[in-house]
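Colleague: Fold the following and give me the result.
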Amino acid sequence: MIQIRGLTKRYGDFEALKGIDLDVAPGEFLVVLGPSGAGKSTLLRCINRLTEPTQGEVRVDGQLVRADAASLRALRCQVAMIFQHYNVVPRLSVLKNVLTGRMGSMPSVASWLQVFPRKDIEIAHECLRRVALDDKALLRTDTLSGGQKQRVGIARALAQQPKVILADEPVASLDPKTSRTVLNYLKQASRELGISVVCNLHQIDYAREFGERIVGVSAGRVVYEGGPAGLTEDVLHRIYPGLDAADARREASSGDEAMPRARDFQLEEA
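Modeller: Residues are numbered from 1 along each chain as shown. A predicted model of the protein is given here:
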(Lines give C-alpha, C1' and ligand atoms only; values in the text may rest on other atoms or scores of the structure.)
Protein backbone atom coordinates (compact mmCIF):
# COMPACT_ATOMS: atom_id res chain seq x y z
CA MET A 1 0.00 0.00 0.00
CA ILE A 2 2.88 2.40 0.80
CA GLN A 3 6.36 2.17 -0.71
CA ILE A 4 9.06 4.58 0.48
CA ARG A 5 12.48 4.66 -1.15
CA GLY A 6 15.50 6.77 -0.23
CA LEU A 7 13.43 9.32 1.69
CA THR A 8 15.56 12.18 2.94
CA LYS A 9 14.56 15.46 4.58
CA ARG A 10 16.99 18.25 5.42
CA TYR A 11 16.37 21.46 7.30
CA GLY A 12 19.46 23.49 6.48
CA ASP A 13 22.40 21.47 7.72
CA PHE A 14 20.20 19.20 9.85
CA GLU A 15 19.17 15.90 8.27
CA ALA A 16 15.91 14.76 9.89
CA LEU A 17 15.50 11.70 7.65
CA LYS A 18 18.49 9.84 6.23
CA GLY A 19 17.47 7.63 3.34
CA ILE A 20 14.43 5.81 4.71
CA ASP A 21 13.24 2.68 2.86
CA LEU A 22 9.94 1.25 4.05
CA ASP A 23 6.97 -0.79 2.81
CA VAL A 24 3.52 -0.93 4.45
CA ALA A 25 1.16 -3.73 3.42
CA PRO A 26 -2.57 -3.27 2.79
CA GLY A 27 -4.49 -3.50 6.07
CA GLU A 28 -1.32 -3.58 8.20
CA PHE A 29 -1.12 -1.89 11.61
CA LEU A 30 2.47 -0.65 11.63
CA VAL A 31 3.99 1.08 14.65
CA VAL A 32 6.89 3.48 14.14
CA LEU A 33 8.70 3.50 17.47
CA GLY A 34 11.32 5.97 18.60
CA PRO A 35 12.21 8.83 20.94
CA SER A 36 11.18 12.44 20.47
CA GLY A 37 13.22 14.01 17.69
CA ALA A 38 13.92 10.70 15.94
CA GLY A 39 12.16 11.80 12.73
CA LYS A 40 8.84 9.96 13.19
CA SER A 41 6.58 12.97 12.61
CA THR A 42 8.68 14.15 9.66
CA LEU A 43 8.28 10.71 8.10
CA LEU A 44 4.47 10.85 8.30
CA ARG A 45 4.36 14.42 7.05
CA CYS A 46 6.49 13.48 4.04
CA ILE A 47 4.12 10.62 3.19
CA ASN A 48 1.11 12.95 2.83
CA ARG A 49 3.21 15.89 1.63
CA LEU A 50 2.50 18.20 4.56
CA THR A 51 6.30 18.38 4.38
CA GLU A 52 8.12 18.22 1.06
CA PRO A 53 10.97 15.66 1.06
CA THR A 54 14.43 16.70 0.00
CA GLN A 55 15.07 13.44 -1.85
CA GLY A 56 13.42 10.09 -2.43
CA GLU A 57 9.97 8.98 -3.47
CA VAL A 58 6.72 7.82 -1.89
CA ARG A 59 4.07 5.70 -3.58
CA VAL A 60 0.59 5.14 -2.17
CA ASP A 61 -1.47 2.37 -3.72
CA GLY A 62 1.02 2.27 -6.58
CA GLN A 63 0.75 5.98 -7.39
CA LEU A 64 3.78 8.25 -7.08
CA VAL A 65 3.08 11.05 -4.62
CA ARG A 66 3.63 14.40 -6.35
CA ALA A 67 3.46 17.98 -5.11
CA ASP A 68 1.01 19.43 -7.69
CA ALA A 69 -2.45 20.46 -6.49
CA ALA A 70 -4.42 17.76 -8.32
CA SER A 71 -2.15 14.98 -7.08
CA LEU A 72 -2.27 16.25 -3.50
CA ARG A 73 -6.06 16.43 -3.53
CA ALA A 74 -6.26 12.83 -4.75
CA LEU A 75 -3.66 11.72 -2.19
CA ARG A 76 -5.41 13.33 0.77
CA CYS A 77 -8.70 11.68 -0.15
CA GLN A 78 -6.92 8.33 0.26
CA VAL A 79 -4.70 9.19 3.24
CA ALA A 80 -6.25 10.43 6.49
CA MET A 81 -4.33 11.94 9.41
CA ILE A 82 -4.85 11.69 13.18
CA PHE A 83 -2.94 14.29 15.17
CA GLN A 84 -1.48 14.29 18.67
CA HIS A 85 -3.52 17.30 19.78
CA TYR A 86 -6.85 16.18 18.26
CA ASN A 87 -7.21 19.10 15.77
CA VAL A 88 -10.97 19.22 16.31
CA VAL A 89 -12.99 22.43 16.01
CA PRO A 90 -14.18 22.99 19.61
CA ARG A 91 -17.30 25.05 18.86
CA LEU A 92 -18.64 22.62 16.25
CA SER A 93 -20.73 19.61 17.16
CA VAL A 94 -19.15 16.18 17.27
CA LEU A 95 -21.10 15.22 14.13
CA LYS A 96 -19.92 18.25 12.15
CA ASN A 97 -16.32 17.59 13.15
CA VAL A 98 -16.64 14.09 11.73
CA LEU A 99 -18.38 15.39 8.60
CA THR A 100 -15.33 17.54 7.82
CA GLY A 101 -13.74 14.24 6.85
CA ARG A 102 -16.18 14.09 3.93
CA MET A 103 -15.29 17.50 2.50
CA GLY A 104 -12.56 16.19 0.21
CA SER A 105 -15.17 14.28 -1.80
CA MET A 106 -17.68 17.15 -1.97
CA PRO A 107 -18.04 20.01 -4.47
CA SER A 108 -16.32 23.18 -3.24
CA VAL A 109 -19.52 25.23 -2.85
CA ALA A 110 -21.22 22.53 -0.77
CA SER A 111 -18.17 22.18 1.51
CA TRP A 112 -17.95 25.97 2.03
CA LEU A 113 -21.64 26.08 2.98
CA GLN A 114 -21.37 22.91 5.09
CA VAL A 115 -24.30 21.37 3.26
CA PHE A 116 -23.84 17.63 3.62
CA PRO A 117 -25.79 14.97 1.70
CA ARG A 118 -27.81 12.44 3.65
CA LYS A 119 -25.36 9.69 2.61
CA ASP A 120 -22.45 11.59 4.19
CA ILE A 121 -24.41 12.12 7.41
CA GLU A 122 -25.11 8.38 7.56
CA ILE A 123 -21.41 7.65 7.04
CA ALA A 124 -20.50 10.05 9.86
CA HIS A 125 -22.96 8.40 12.25
CA GLU A 126 -21.59 4.96 11.39
CA CYS A 127 -18.04 6.18 12.10
CA LEU A 128 -19.17 7.57 15.45
CA ARG A 129 -20.77 4.23 16.27
CA ARG A 130 -17.43 2.55 15.58
CA VAL A 131 -15.81 4.62 18.34
CA ALA A 132 -18.86 4.48 20.66
CA LEU A 133 -19.68 8.19 20.41
CA ASP A 134 -22.91 8.21 18.42
CA ASP A 135 -24.85 9.29 21.51
CA LYS A 136 -22.72 12.46 21.66
CA ALA A 137 -23.15 13.44 18.01
CA LEU A 138 -24.98 16.71 18.73
CA LEU A 139 -22.81 17.89 21.62
CA ARG A 140 -20.24 20.63 21.18
CA THR A 141 -16.85 19.00 20.88
CA ASP A 142 -15.33 21.21 23.57
CA THR A 143 -17.53 19.46 26.16
CA LEU A 144 -15.72 16.13 25.63
CA SER A 145 -12.78 14.63 27.46
CA GLY A 146 -9.37 14.35 25.80
CA GLY A 147 -9.88 10.68 25.01
CA GLN A 148 -13.28 11.36 23.50
CA LYS A 149 -11.85 14.16 21.33
CA GLN A 150 -9.23 11.77 20.01
CA ARG A 151 -11.98 9.28 19.21
CA VAL A 152 -13.70 12.07 17.26
CA GLY A 153 -10.41 12.41 15.38
CA ILE A 154 -10.47 8.69 14.57
CA ALA A 155 -14.11 8.90 13.42
CA ARG A 156 -13.28 11.90 11.22
CA ALA A 157 -10.40 9.98 9.64
CA LEU A 158 -12.65 6.95 9.04
CA ALA A 159 -15.30 9.19 7.47
CA GLN A 160 -12.86 9.91 4.64
CA GLN A 161 -13.07 6.21 3.80
CA PRO A 162 -9.31 6.22 3.31
CA LYS A 163 -6.94 3.46 2.30
CA VAL A 164 -4.29 4.72 4.75
CA ILE A 165 -4.41 6.40 8.17
CA LEU A 166 -1.35 8.17 9.53
CA ALA A 167 -1.53 8.58 13.32
CA ASP A 168 1.08 10.91 14.80
CA GLU A 169 1.54 10.16 18.53
CA PRO A 170 -2.25 9.82 18.95
CA VAL A 171 -2.06 8.95 22.67
CA ALA A 172 0.86 11.11 23.79
CA SER A 173 -1.34 13.34 25.97
CA LEU A 174 -3.66 10.61 27.30
CA ASP A 175 -3.52 8.48 30.44
CA PRO A 176 -2.73 4.73 30.05
CA LYS A 177 -6.30 3.45 30.30
CA THR A 178 -7.61 5.98 27.79
CA SER A 179 -4.61 5.38 25.52
CA ARG A 180 -5.40 1.69 25.24
CA THR A 181 -9.06 2.44 24.53
CA VAL A 182 -8.10 4.84 21.71
CA LEU A 183 -5.52 2.45 20.20
CA ASN A 184 -7.99 -0.43 20.37
CA TYR A 185 -10.61 1.51 18.40
CA LEU A 186 -7.98 2.44 15.80
CA LYS A 187 -6.67 -1.11 15.44
CA GLN A 188 -10.17 -2.57 15.35
CA ALA A 189 -11.13 -0.22 12.50
CA SER A 190 -7.93 -1.13 10.65
CA ARG A 191 -8.64 -4.84 10.96
CA GLU A 192 -12.34 -4.67 10.04
CA LEU A 193 -12.06 -2.14 7.20
CA GLY A 194 -8.69 -3.20 5.77
CA ILE A 195 -7.11 0.22 6.30
CA SER A 196 -3.32 0.46 6.49
CA VAL A 197 -2.34 2.34 9.65
CA VAL A 198 1.07 3.86 10.34
CA CYS A 199 1.07 4.86 14.01
CA ASN A 200 3.91 6.82 15.60
CA LEU A 201 4.55 5.95 19.23
CA HIS A 202 7.32 6.46 21.76
CA GLN A 203 5.89 4.07 24.37
CA ILE A 204 7.50 0.64 24.12
CA ASP A 205 4.69 -1.22 25.88
CA TYR A 206 2.02 0.14 23.52
CA ALA A 207 4.19 -0.75 20.52
CA ARG A 208 4.43 -4.34 21.75
CA GLU A 209 0.73 -4.56 22.54
CA PHE A 210 -0.70 -3.11 19.34
CA GLY A 211 1.93 -3.28 16.60
CA GLU A 212 1.67 -6.10 14.07
CA ARG A 213 5.08 -4.95 12.88
CA ILE A 214 7.40 -2.40 14.44
CA VAL A 215 9.85 -0.07 12.75
CA GLY A 216 12.37 1.43 15.16
CA VAL A 217 13.66 4.88 14.17
CA SER A 218 16.59 6.69 15.74
CA ALA A 219 18.30 9.87 14.50
CA GLY A 220 16.49 9.73 11.18
CA ARG A 221 17.37 6.11 10.33
CA VAL A 222 15.53 2.79 10.52
CA VAL A 223 17.45 0.74 13.10
CA TYR A 224 14.94 -2.09 13.58
CA GLU A 225 12.18 -3.70 11.55
CA GLY A 226 10.35 -6.75 12.80
CA GLY A 227 7.79 -8.15 15.21
CA PRO A 228 7.15 -7.13 18.83
CA ALA A 229 9.03 -10.19 20.07
CA GLY A 230 12.22 -8.84 18.50
CA LEU A 231 12.39 -5.81 20.80
CA THR A 232 15.32 -7.17 22.78
CA GLU A 233 17.56 -5.19 25.10
CA ASP A 234 20.10 -4.67 22.31
CA VAL A 235 17.41 -3.45 19.89
CA LEU A 236 16.00 -1.04 22.46
CA HIS A 237 19.48 0.42 22.96
CA ARG A 238 19.67 1.04 19.20
CA ILE A 239 16.28 2.76 19.16
CA TYR A 240 16.86 4.65 22.42
CA PRO A 241 20.61 5.36 22.69
CA GLY A 242 21.62 5.95 26.29
CA LEU A 243 18.68 4.01 27.73
CA ASP A 244 19.61 2.84 31.21
CA ALA A 245 20.61 -0.84 31.16
CA ALA A 246 18.15 -1.80 33.90
CA ASP A 247 15.33 0.00 32.08
CA ALA A 248 16.27 -1.73 28.82
CA ARG A 249 16.22 -5.16 30.48
CA ARG A 250 12.86 -4.42 32.10
CA GLU A 251 11.35 -3.19 28.81
CA ALA A 252 12.85 -6.09 26.86
CA SER A 253 11.50 -8.70 29.28
CA SER A 254 8.00 -7.25 29.76
CA GLY A 255 5.91 -9.82 27.94
CA ASP A 256 2.33 -10.81 27.35
CA GLU A 257 1.82 -11.74 30.99
CA ALA A 258 2.57 -8.19 32.10
CA MET A 259 0.42 -6.52 29.45
CA PRO A 260 -3.18 -7.31 28.44
CA ARG A 261 -3.53 -8.26 24.79
CA ALA A 262 -5.30 -5.76 22.56
CA ARG A 263 -7.91 -8.29 21.49
CA ASP A 264 -8.81 -9.06 25.12
CA PHE A 265 -9.02 -5.46 26.29
CA GLN A 266 -12.54 -4.31 27.07
CA LEU A 267 -13.39 -0.98 25.45
CA GLU A 268 -14.51 1.47 28.09
CA GLU A 269 -15.69 5.08 28.13
CA ALA A 270 -12.70 7.42 27.94
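
Colleague: CA only for contacts and neighbour counts going forward, please
Modeller: Noted.

Colleague: Residue 120 is in contact with residue 98, isn't it?
Modeller: No. The pair residue 120 / residue 98 is not scored as a contact, 9.8 Å apart, by Cα atoms under 8 Å.

Colleague: who has more neighbours, these two?
Modeller: Taking other Cα atoms under 10 Å, residue 120 and residue 98 do not tie; residue 98 has more neighbours (29 against 21).

Colleague: what pairs with the residue nearest to the spatial centre of the chain across the strands?
Modeller: Most central in the chain under Cα atoms, centre = their mean is residue 167, positioned 1.3 Å from the mean C-alpha point. Beta-bridge pairing for residue 167 (DSSP bridges): residue 82, residue 199.

Colleague: Before we move on, what's the pLDDT of it?
Modeller: pLDDT, residue 167: 96.

Colleague: which ones are touching it?
Modeller: By Cα atoms under 8 Å, 6 or more residues apart in numbering, the residues touching residue 167 are 81-84, 197-200.

Colleague: From these, which one has the minimum pLDDT?
Modeller: residue 84 (86).

Colleague: what about it, how many residues close to it?
Modeller: Neighbours around residue 84, by other Cα under 10 Å: 17.

Colleague: and the nearest residue to it once chain neighbours are set aside, what is it in contact with?
Modeller: Excluding its sequence neighbours, the residue lying closest to residue 84 (Cα to Cα, 6 or more residues apart in numbering) is residue 170, at 4.5 Å. Counting by Cα under 8 Å, 6+ apart, residue 170 makes contact with 82-86, 150, 199-201.

Colleague: repeat for residue 15
Modeller: 8-9, 220.

Colleague: how close does it sit to residue 132?
Modeller: In this view, residue 15 and residue 132 are 42 Å apart by Cα to Cα, to the nearest Å.
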